[in-house]
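Asker: sequence below, structure please.
(chains A and B)
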Protein chains: 2
Amino acid sequence: MPQTHRADQQSAFDVATAVDRGEGGVLTAVLDPGWGVGGGVLNGGYLLAVAARAAVLDSPHPHPVALSANYLRAPVAGPAQLTVTPGPAGRTLASAAIVLADGGGPAVTVQATTATLGAEPADVAVPVPAATPVEQCPSIAEHAHLAPAGVSVPGLSERVETRIDPLTAGWALGRPGGEPVIRAWMRFADGRQPDPLALVTFADALPPTSWALGRFGWAPTVQLQVLVRAVPAPGWCLVEARAGEIAGGWLDEDYRIWDSTGRLVAQSRQLARAPR
Amino acid sequence: MPQTHRADQQSAFDVATAVDRGEGGVLTAVLDPGWGVGGGVLNGGYLLAVAARAAVLDSPHPHPVALSANYLRAPVAGPAQLTVTPGPAGRTLASAAIVLADGGGPAVTVQATTATLGAEPADVAVPVPAATPVEQCPSIAEHAHLAPAGVSVPGLSERVETRIDPLTAGWALGRPGGEPVIRAWMRFADGRQPDPLALVTFADALPPTSWALGRFGWAPTVQLQVLVRAVPAPGWCLVEARAGEIAGGWLDEDYRIWDSTGRLVAQSRQLARAPR
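Answerer: Numbers count the residues shown, from 1 in each chain, chains lettered A, B, ... in the order given. Below is the predicted model:
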């Protein structure tokens, strides 16, 4: 059962993505090893949420709407520094460039557009796919014993409760499928409700879709773009990741995220190195 | 008929996207008003190709594979300056940040990953859609008289021969459809063959997909990501653009581009402001 997140205590996500302004205006964060994907590597969506928090700090707008990140190298957990270079800011949107660096230098560079999102109904909508009801979807963290050989459940899946749709979970049971698609329900394990920053993390929080084909290698992200389209309603988000082309050692992955009302609230696309 | 592009003369595209190194290593380009979309506004894909040329100039790798651009404001045609900040470079890929500025300051900021692409067959492929054969598709430039009221054929369509699939051209004939999809065959009008740089321009060269719904306003791009997946074969490219969600004044657009062999060679996604 998820712990209850009380309004008077900060959620694990808010603590792990906190950005503080120190002496001389320097922005710092403490990268939390709990948001890793294994092998000491922090999740790309987690790192992007830290950068997004820095982006909105001095923006006239509260929400990240378009983020694109280049992952230069994997930063280590611990103290990190953020440098924000503001671009033009207007009534509709504002731009900024963010560099996240650890002791070894720049690790992630981000271009951010911030704006003020609502939850208006869509003129043209992306329909929510037919998914297995959440009660019938096994949690990754609770089914660690089912993980394929060589795969361990990462810290990320302890913090983001991830309930995989059995229709896309054959790979976890020794029956990889023909389609590079993984779908899951997601929410924070401590009960914190989703918001645009949470969606930035959810948009890279599934196992690589190449796993659905039985290729269990790591698929390091090269570039990730996240678009946040609306403020999500409270409750579970449905997250679907799909690879398009796998070729020449490269893999593209699309995520689409719907909130509990069935509204598309975020999309992402990444280029990654393809596992062998 | 397209003019013949002879090997001993530079193509219009290569001239218009040329980047020169001047005194003190300063990179300059001359933005060509011929690559506009109307109203003095230059095409976003054209501007991105200029930045991509700067990105590969000092990279150990010849091809742009992942580009993301923030369009801060529309630069004017004429002299422009490019600033390239190189990131890590390795055997597989290299990173760089590029700022394209005109006399008014920074206009487009770009994050680039460069690599060395091949044309290996895909392990998992994105099948080419069923499109009307190119001979049966009307050229935008040759059918200017059919343009909807208030819409004029832009310079871009004179340089990139664009033959719209009649199945997605109802909007041009007063019969807007229900689906925000536009598909066309593309090649350079002067016969220059496609390459990864050309794909960067093709990936933003169609009218806004909201036009397919009969909304003929301008849809300014906020952020554009282009992924180049393989070196294209000579001949026509098939380019399909599709909007996902139109909501709250925002619009996302996905492009997919296949070469003449039916191989997916590029993808793009952009967030734009939606026309009313």
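
Asker: is it true that residue A:67 touches residue A:49?
Answerer: No - between residue A:67 and residue A:49 there is no contact under Cβ atoms under 8 Å: 9.2 Å. All C-beta spots, glycine's among them, are computed from the backbone N, C-alpha and C.

Asker: need the residues touching each of those two.
Answerer: residue A:200 (Cβ atoms under 8 Å, 6 or more residues apart in numbering or on different chains).

Asker: in stretch A:191-203, which residues are buried?
Answerer: If you call a residue buried by 16 or more other Cβ atoms under 10 Å in any protein chain shown, then stretch A:191-203 has these buried ones: A:192, A:194, A:195, A:196, A:197, A:198, A:199, A:200, A:201, A:202, A:203.

Asker: then stretch A:27-36?
Answerer: Residues of stretch A:27-36 classed as buried by neighbour count (16+ other Cβ under 10 Å): A:27, A:29, A:31, A:32, A:34, A:35, A:36.

Asker: report the longest helix in chain A, please.
Answerer: Using DSSP state H to define each element, chain A has its longest helix at helix A:44-57.

Asker: tell me which residue of chain A is furthest from the middle?
Answerer: Computed with Cα atoms, centre = their mean, the residue of chain A farthest from its C-alpha average is residue A:24, at 30.7 Å.

Asker: contacts only, for residue A:179.
Answerer: Residue A:179 sits next to A:168, A:212, A:242 when contact means Cβ under 8 Å, 6+ apart.

Asker: wait, isn't the last one in contact with residue A:180?
Answerer: Think residue A:242. Yes - counting by Cβ under 8 Å, residue A:180 is a contact partner of residue A:242 at 6.5 Å.

Asker: common neighbours of the two, please.
Answerer: Both residue A:242 and residue A:180 are contacted by residue A:209, under the criterion Cβ under 8 Å, 6+ apart.

Asker: so for those two, which sits in the more crowded spot?
Answerer: residue A:180 (25 against 17; other Cβ atoms under 10 Å in any protein chain shown).

Asker: so which of the buried residues of stretch A:27-36 reach chain B?
Answerer: Near chain B, judged by Cβ under 8 Å from any Cβ of the partner chain, there are no entries from these.

Asker: out of those residues, which are inside strands?
Answerer: Secondary structure from DSSP state E places A:27, A:29, A:31 of those in strands.

Asker: tabulate these (TSV), appending pLDDT.
Answerer: Formatted as TSV, these follow (pLDDT from 0 to 100):
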residue	pLDDT
A:27	98
A:29	98
A:31	98
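
Asker: let me know the closest of these to residue B:266.
Answerer: residue A:31 (33.9 Å; Cβ to Cβ).

Asker: and residue A:78, what does it touch?
Answerer: A:30, A:31, A:102, A:103.

Asker: got the residues of the stretch 101-250 of chain A near chain B?
Answerer: Counting by Cβ under 8 Å from any Cβ, the positions of the stretch 101-250 of chain A adjacent to chain B are A:106, A:109, A:111, A:113, A:117-118, A:120-126, A:180, A:213, A:222-223, A:225, A:227, A:229-230, A:243-250.

Asker: any chance of a PyMOL selection covering the buried ones in those?
Answerer: Selecting only the buried entries of those in PyMOL, with 16+ other Cβ under 10 Å as the criterion:
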select buried, chain A and resi 106+109+111+113+117+122+123+124+126+180+213+222+223+225+227+229+230+243+244+245+246+247+248+250
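
Asker: low-confidence ranges in the stretch 51-200 of chain A?
Answerer: A:146, A:148-151 (pLDDT under 70).

Asker: helices of the stretch 151-276 of chain A, residue ranges please.
Answerer: Using DSSP state H, counting those that start in this stretch, the helices of the stretch 151-276 of chain A run over residues A:156-159, A:196-202.

Asker: in a markdown table: the ones you listed, plus distance to residue A:176.
Answerer: Below are those laid out as a markdown table (distance: least, Cβ to Cβ, whole Å):
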| stretch | distance to residue A:176 |
| --- | --- |
| helix A:156-159 | 20 |
| helix A:196-202 | 24 |
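
Asker: residue nearest the middle of chain A, spatially speaking?
Answerer: Residue closest to the mean C-alpha point of chain A, counted by Cα atoms, centre = their mean, is residue A:201 at 2.2 Å.

Asker: in stretch A:219-239, what's buried?
Answerer: For stretch A:219-239, by 16+ other Cβ under 10 Å, it's A:219-233, A:236-239.

Asker: contacting residues for residue A:240?
Answerer: If you count contacts by Cβ under 8 Å, 6+ apart, then residue A:240 has A:129, A:131, A:181, A:182, A:183, A:255, A:256, A:257 around it.

Asker: which strand residues bridge it?
Answerer: Beta-bridge pairing for residue A:240 (DSSP bridges): residue A:183, residue A:256.

Asker: in a helix, the residue farthest from the centre of chain A, correct?
Answerer: Yes - the assignment for residue A:24 (DSSP: H, G, I helix; E, B strand; the rest coil) places it in a helix.

Asker: now do the helix or strand that the longest helix of chain A is followed by against helix A:44-57, angle only.
Answerer: The helix or strand immediately downstream of helix A:44-57 is strand A:63-71, counting by DSSP states H and E. Here strand A:63-71 runs at an angle of 130 degrees relative to helix A:44-57 (axes from the mean of the first three to the mean of the last three Cα atoms, to 10 degrees).
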